[in-house]
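S.K.: coordinates only, sequence not included:
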């Protein structure tokens, strides 16, 4: 993402006020465009369903979408993050021939996991009729494949395709529902699944045009098994950190039965989703400023390590990396704190304007506060990825998820006023764990580069921590 950030930073520097606005808009689209489009689409679908579906059918659609969205991310996480690492290695080695095979294998694995999860959740737990369960399962599997394929286009510098593909799928599905406003539940699920399939097809079409060679599956030794395992677990922990409090509260006292054995917590779900949207400005700043500055400083240090610089000059570069990291993180936190303050103050008029349940304000406020620390977790894991310390990334996200689960369980019976506290507590713990791990690694960076994390010394499996 740093390469994209460099381009946007240049636009902001050279374009005056218009350039700053344009860079910010592009940054928001790149970092969170699909998410924002999905949020708008969900809102429009909810309003459409109120007019054209029964309350029971509307609940089925909402349940299918929420479960498919969260569980597809979980299904894709261990596969997608390992595949992206393999693709990035091939790009760095200027060996594009092996990329189609990596993508194909990852899509097959992610789709297979998605089908298994969907069949169990919608067919067994949800007890949906066969055709509805099959459609929902296919939608979940396609979403998992979108999660896998879309980030690879960003790695290939084709980042504009991703939001455009989402937009194409959403517009197509919305157009069909608008032109054919029937009230048949299966038809609505088919239209939604078709929109997701169109998004996936558009992304895969660009992949195929970019890599037109024969498909060659990656060899078994493409990545050391230990490193692949650590990276895959880190992906699972990252998804769990965001969703675990929601999953637990689906079983809480304030939840309600949705479809079969599947449950939802509408108050917490609505407030948490809106609160998480406040992360968009921070993600934009992280893309345009934080990562680009760090990339430049860290690249300077690596250049000195691989050149003929003295130890004194290498240590000077290490100090610059730490200084840049601290300044960028301070700016990131200050901006996101300002956004969180606005969210707290303007929560009531915002909920009145969109007609949301006022009881969800607590979840919205607590989540928007937790987003500040969530961004710190993201920033620290980005730095740890540069350091090639994936075991520490796993530990950071696992701490976030575990603390969130424990805090949610402690206040399980506290009611809607406690919604969002679990996520916020997890984010706080994850942020401090991440900062501690980054600080310790930064102090020992020279040793890690030459000895402690040098593949020639520790092997290609990497360090555990």
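M.R.: Here it is on my side, so go on. In this text the structure is predicted, and so the values were computed from the model without any measurement.
S.K.: pLDDT weak spots in the stretch 251-400 of the chain?
M.R.: Filtered on pLDDT under 70, the stretch 251-400 of the chain yields no residues whatsoever.
S.K.: mind listing the helices for it?
M.R.: Residue ranges of the helices in the stretch 251-400 of the chain, as given by DSSP state H, counting those that start in this stretch, are 266-276, 280-285, 291-306, 311-354, 361-386, 390-410.
S.K.: and the gap between the nearest residue to residue 408 once chain neighbours are set aside and residue 89?
M.R.: The spatial neighbour of residue 408 that comes closest, neighbours along the chain excluded (CB to CB, 6 or more residues apart in numbering), is residue 422 at 3.1 Å. The way it works is simple: take the backbone N, C-alpha and C, and place the C-beta from them, glycine included. Distance from residue 422 to residue 89, counting by CB to CB, to the nearest Å: 36 Å.
S.K.: ok, the nearest residue to residue 412 once chain neighbours are set aside - how many residues close by?
M.R.: Ranked by CB to CB, 6+ apart and with sequence neighbours excluded, the top spatial neighbour of residue 412 is residue 252, at 5.8 Å. Summarising burial for residue 252: neighbours were counted as other CB atoms under 10 Å, giving 21.
S.K.: same thing with residue 331?
M.R.: Residues lying near residue 331 (other CB under 10 Å) number 14.
S.K.: can you pull the contacts of it?
M.R.: By CB atoms under 8 Å, 6 or more residues apart in numbering, the residues touching residue 331 are 285, 289, 290.
S.K.: what does residue 193 give?
M.R.: In this structure, residue 193 makes contact with 135, 136, 138, 139, 142, judged by CB under 8 Å, 6+ apart.
S.K.: now the residue lying closest to the last one once chain neighbours are set aside: phi and psi?
M.R.: Once flanking residues are discounted, residue 142 sits nearest to residue 196: 4.7 Å by CB to CB, 6+ apart. With angles defined as degrees, to the nearest 10, residue 196 sits at phi -60, psi -40.
S.K.: how close does residue 196 sit to residue 375?
M.R.: Counting by CB to CB, the gap between residue 196 and residue 375 amounts to 28 Å.
S.K.: can you check residue 285 too?
M.R.: The span separating residue 285 from residue 375 equals 9 Å under the rule CB to CB.
S.K.: so what sits against both of the two?
M.R.: With CB under 8 Å, 6+ apart, residue 285 and residue 375 have common neighbours 332, 336.
S.K.: of the two, give the one with the bigger neighbour count.
M.R.: With neighbours defined as other CB under 10 Å, residue 285 and residue 375 compare such that residue 375 has more, 25 against 22.
S.K.: leaving out sequence neighbours, find the closest residue to that one.
M.R.: In space, not counting the residues next to it along the chain, residue 375 is nearest to residue 282; the distance is 4.3 Å by CB to CB, 6+ apart.
S.K.: the spatially closest residue to residue 397 that is not a sequence neighbour sits in which helix or strand?
M.R.: Counting by CB to CB, 6+ apart, residue 397 lies nearest to residue 237, which is 3.7 Å off, once chain neighbours are set aside. Using DSSP states H and E, residue 237 sits in helix 225-249.
S.K.: which positions in that helix come out as buried?
M.R.: 226-249 (16 or more other CB atoms under 10 Å).
S.K.: over to stretch 351-361?
M.R.: For stretch 351-361, a neighbour-count test (16+ other CB under 10 Å) marks 351, 356, 359, 360, 361 as buried.
S.K.: which one of those sits closest to residue 123?
M.R.: Proximity of the buried residues of stretch 351-361 to residue 123 (CB to CB) peaks at residue 360, which lies at 30.7 Å.
S.K.: tell me the residue in this protein that is farthest from the middle.
M.R.: Relative to the mean C-alpha coordinate of the chain, counting by CA atoms, centre = their mean, the farthest residue is residue 310 (40.3 Å).
S.K.: gap between that one and residue 422?
M.R.: Residue 310 sits 50 Å away from residue 422, going by CB to CB.
S.K.: now do residue 220
M.R.: The gap separating residue 220 from residue 422 is 40 Å, by CB to CB.
S.K.: what about those two, which has more around it?
M.R.: Under the neighbour definition other CB under 10 Å, residue 220 and residue 422 were set side by side, and residue 422 has more, 29 against 7.
S.K.: please tell me the pLDDT value assigned to the more buried one.
M.R.: The model reports residue 422 with a pLDDT of 95.
S.K.: ditto for residue 38
M.R.: According to the model's per-residue confidence, residue 38 sits at a pLDDT of 83.
S.K.: so what's it up against?
M.R.: Residue 38 makes contact with 69, 166, 170 under the criterion CB under 8 Å, 6+ apart.
S.K.: got it, and residue 123?
M.R.: By CB under 8 Å, 6+ apart, the contact list for residue 123 reads 130, 133, 134, 137.
S.K.: and of those, the nearest to residue 299?
M.R.: residue 137 (44.9 Å).
S.K.: right, and that closest one touches residue 122 too?
M.R.: Yes. Under the criterion of CB atoms under 8 Å, residue 137 lies in contact with residue 122, with a separation of 5.6 Å.
S.K.: looking at these two, which one has more neighbours?
M.R.: Per other CB under 10 Å, whichever of residue 137 and residue 122 has more neighbours is residue 122, with 28 against 25.
S.K.: just the pLDDT for the more buried one.
M.R.: Note for residue 122: predicted pLDDT of 97.
S.K.: give me the distance between it and residue 196.
M.R.: 15 Å.
S.K.: ditto for residue 312
M.R.: In this structure, residue 312 and residue 196 are 56 Å apart, going by CB to CB.
S.K.: these two - which one has more neighbours?
M.R.: Set residue 312 next to residue 196 and count neighbours by other CB under 10 Å: residue 196 wins out with 23 against 7.
S.K.: that older thread, give me phi/psi at the residue nearest to residue 412?
M.R.: Summarising the backbone geometry of residue 252 under the convention degrees, to the nearest 10, its torsions are phi -80, psi 170.
S.K.: tell me where the stretch 1-150 of the chain has helices.
M.R.: Listed in chain order, the helices found in the stretch 1-150 of the chain under DSSP H, counting those that start in this stretch are 2-14, 16-52, 55-92, 99-118, 130-155.
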